[in-house]
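Novice: Starting from these lines, generate the structure:
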Amino acid sequence: MRGILTTGCEPPIPWIGGKTILLPVIKRIIPERKNKFLDVFGGGGSVSLSGRYAPLQIYNDYNPHLANFMRILKSRSEELIDKLTGAYNSDGTLNENFERTFFINSRDSFNACSNVFHKGDTWEKLFDANLKIQLKAASLAEKEHAWSIVLDAWRLYKERENDPELIDAVLFFYLMKCSYSATGTSWACKAVNRESMVRLINEASRMMQGITVENKDCIELIKLHDDPSTFVYCDPPYYMAEALYNGVPLFGDAKHIELHDTLLECKSDVLLSYNECPFIDELYSESKWYKMRLSRPHSMVLHRGSGAVYNEFLIANYDIYKLYNGDGQLTFLELFDDLNEEGRIIL
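Specialist: Model prediction:
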């Protein structure tokens, strides 16, 4: 595999549109000997954390919660782990039994985190959200249960007042890790292994030490760093799936076109990931673009039955087939055992 440091790690949080499945192909077609690696839509970090590709590596995402989480991951990972695993008591003293406490994925904890994260901008908004929980309770047992959730939410709210960056990262991690399809809104009843969680955070923190974190608009960032010695990787919100991403303005047609127009004039080597659809196919129709078509399992609909697939593009302004071919001794058809009759890579 290519890269200055080839031993990367898995991302510590799931993310909609993560590129883990595509990494074997992506890593092979990243050009070598670049001075700067720009991950414009960093998301959960699957590409940025997969290796070192240039002396200067930049992770960027317009979502402020993602950028904050990556900064905390880089500079305060031990505190993040302590908060998630219950290493400290509410008064700040060390919990002597913290090794026997576990990160627990519970609906109650999720609801408390969700109220503070989504509705805790002001005291009044959180009060209204907590009041709704209490009013839904009918019996005495239900009222006691609701009150425990409310108390947990108020505790998190006060903690965030004292350390907003760290607690925002804690809330964000919990919601991503414990929600259905990493939406951050719907609780998913699934196991979360404490040891695996701590290991992933530690490994990602190690990788982040060599990565600069930015929180900029994609166009501004690309124009700022555009240079022949720069490699630009773009994984924008997929066309007609933009609404899946919470916390950022909708990435509509105009923004897709603006991104295309910016990349068309780039001096940098550019690689994009996109869903395969007529709009994107036509948008990137200039002769300078190389398109590699892939099909992968569709993780968000597999519960409806086996065999669901999702078609994607890898689009570049340099010859990605030549890079994948390596020494040039193999033909394109010989490179892929799972190439179908349409010339599509089946992952």
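Novice: which other residues reach stretch 222-231?
Specialist: Residues outside stretch 222-231 that contact it (CB atoms under 8 Å, 6 or more residues apart in numbering): 30-31, 34-38, 40, 53-54, 58, 216, 232, 262-263, 266-269, 271. For every residue, glycine as well, the C-beta is placed using N, CA and C.
Novice: Which among these count as buried?
Specialist: Among those, the ones that count as buried by 16 or more other CB atoms under 10 Å are 30-31, 34, 36-38, 40, 53-54, 58, 232, 262-263, 266, 268-269, 271.
Novice: returning to that earlier point: just the ones in strands from the contacts of stretch 222-231, please.
Specialist: Per DSSP state E, strands hold the following members of those: 36-38, 58, 232, 269, 271.
Novice: just checking, N317 touches L263?
Specialist: Yes: contact criterion CB atoms under 8 Å: N317 and L263 qualify, at 7.3 Å.
Novice: which residues do those two both contact?
Specialist: With CB under 8 Å, 6+ apart, N317 and L263 have common neighbours V270.
Novice: need the helices for the chain, in chain order.
Specialist: With DSSP state H as the criterion, the chain has helices at 23-28, 64-75, 77-85, 107-119, 123-136, 140-162, 164-178, 194-208, 218-225, 253-264, 278-283, 320-325, 332-335.
Novice: Just put the ones you listed in TSV and tack on mean pLDDT and distance to C9.
Specialist: Below are the helices of the chain laid out as TSV (pLDDT from 0 to 100; distance: least, CB to CB, whole Å):
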stretch	mean pLDDT	distance to C9
helix 23-28	93	12
helix 64-75	97	11
helix 77-85	91	13
helix 107-119	92	25
helix 123-136	91	35
helix 140-162	92	28
helix 164-178	95	16
helix 194-208	92	4
helix 218-225	98	24
helix 253-264	97	28
helix 278-283	96	30
helix 320-325	87	24
helix 332-335	48	27
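Novice: Kindly provide the distance from E203 to Y284.
Specialist: 35 Å (CB to CB, to the nearest Å).
Novice: now L84
Specialist: Distance from L84 to Y284, by CB to CB: 41 Å.
Novice: returning to what we had before: so which of the helices of the chain is nearest W15?
Specialist: Closest of the helices of the chain to W15 is helix 164-178, at 7.0 Å (criterion: CB to CB).
Novice: And that closest one, what does it pack against?
Specialist: Helix 164-178 sits against helix 64-75, helix 77-85, helix 107-119, helix 140-162, with contacts defined as 3 or more CB pairs under 8 Å, 6 or more residues apart in numbering; DSSP states H and E.
Novice: Make TSV out of the ones you listed and add distance to L23 and mean neighbour count.
Specialist: Compiled in TSV, those are given as follows (distance: least, CB to CB, whole Å; neighbours: other CB atoms under 10 Å):
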stretch	distance to L23	mean neighbour count
helix 64-75	18	21
helix 77-85	23	18
helix 107-119	29	20
helix 140-162	34	15
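Novice: Distance to F251 added to those, as TSV?
Specialist: Formatted as TSV, those follow (distance: least, CB to CB, whole Å):
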stretch	distance to F251
helix 64-75	14
helix 77-85	29
helix 107-119	20
helix 140-162	28
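Novice: and A188, which of those helices is closest to it?
Specialist: helix 107-119 (8.7 Å).
Novice: Great, nothing more from me.
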